[in-house]
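Student: Take a look and give me a structure for this.
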Amino acid sequence: MDFDFTAVLDSWQYLAAGLGLTILLSALTVAMSLVCGTAVGLGRIYGPRWLSIPIVFYIDTMRAIPVLVVLVWIYFALPLLTGLNLPPFWAALVALTFHISAYVAEIVRAGVGSVRAGQTQAGLVLGMSEAQVVRKIILPQALIRMLPSIGSIVSITIKDTAIAAVIAVPELMKRAETVSGQSFRPMEVFTVVIVAYLLILFPTTRLIDLLYQKVSYRGRS
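Tutor: I've put the predicted structure just below:
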């Protein structure tokens, strides 16, 4: 089989624009998921008992339902129920954030739970409020311990953005499908897509691992 990357070279600007949108969608999803997931995780740990029921239901539901189903439901069913029509990009962002936040919440719960209870008791004895103990003692240690898991979440998020092609978000995968269909060169096009994802994911995960190695001692207690 002869490889001919002419179609890719002719469409590089078109594909590069899709790659830029993939990076933007990934960055926004990671940022929103970290914020929302942390809030949900802390709500489950420190919130009132009644709050844990809807939180656990949300977490278990999101972990049980494929992200593709969540995406399709938000894009097609939500407008029928609420009259709110989200553009494809924003529908993908909401769906991915809903899905990823559930995993982040569990990472936060595990990270906070890994910090010895004695540190909380010591902070309270020193006159700190529970909020101050969480903010100044528990979370700094827990966040460091969560870094490897957060690296995995970032990796999963970047890869999951490819499903946005299902609702015609013009990210890298969708544009690759278009170029492949027009040029009849799927092997060449998707080989370039593989390389593009590797160039994003490999340095990202390595940087997070290096950061963890440099600061891991601060999370020991």
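Student: in the lengthiest helix in the chain, what counts as buried?
Tutor: Looking across the chain with DSSP state H, the single longest helix is helix 12-46. Buried residues in helix 12-46, defined by neighbour count with 16 or more other C-beta atoms under 10 Å: 15, 18-19, 21-22, 25-26, 28-30, 32-34, 36-38, 40-45. From N, CA and C alone the C-beta is placed, and that goes for glycine too.
Student: C-terminal to the worst-scoring helix or strand of the chain on mean pLDDT, which secondary structure element comes first?
Tutor: The least trusted helix or strand in the chain, going by mean pLDDT, DSSP states H and E, turns out to be helix 117-125, with a mean of 84. Note on helix 117-125: by DSSP states H and E, the next helix or strand toward the C-terminus is helix 130-133.
Student: List the buried residues of that following helix.
Tutor: Those would be Val133, for helix 130-133 by 16+ other C-beta under 10 Å.
Student: Likewise for stretch 80-99?
Tutor: Leu86, Pro88, Phe89, Ala91, Ala92, Leu93, Val94, Ala95, Leu96, Thr97, Phe98, His99.
Student: from those residues, which ones fall inside helices?
Tutor: Pro88, Phe89, Ala91, Ala92, Leu93, Val94, Ala95, Leu96, Thr97, Phe98, His99.
Student: Closest to Pro54 out of these?
Tutor: Phe98 (13.8 Å; C-beta to C-beta).
Student: Could you report the separation of the closest one from Leu84?
Tutor: 15 Å (C-beta to C-beta, to the nearest Å).
Student: Repeat that for Val134.
Tutor: On the measure of C-beta to C-beta, Val134 and Leu84 end up 35 Å apart.
Student: for this protein, which spans come out with low pLDDT?
Tutor: 1, 219-221 (pLDDT under 70).
Student: circling back: would you mind putting the buried residues of stretch 80-99 into JSON lines with distance to Leu211 alongside?
Tutor: Output for the buried residues of stretch 80-99, formatted as JSON lines (distance: C-beta to C-beta, whole Å):
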{"residue": "Leu86", "distance to Leu211": "34"}
{"residue": "Pro88", "distance to Leu211": "33"}
{"residue": "Phe89", "distance to Leu211": "29"}
{"residue": "Ala91", "distance to Leu211": "32"}
{"residue": "Ala92", "distance to Leu211": "28"}
{"residue": "Leu93", "distance to Leu211": "26"}
{"residue": "Val94", "distance to Leu211": "29"}
{"residue": "Ala95", "distance to Leu211": "29"}
{"residue": "Leu96", "distance to Leu211": "24"}
{"residue": "Thr97", "distance to Leu211": "23"}
{"residue": "Phe98", "distance to Leu211": "27"}
{"residue": "His99", "distance to Leu211": "25"}
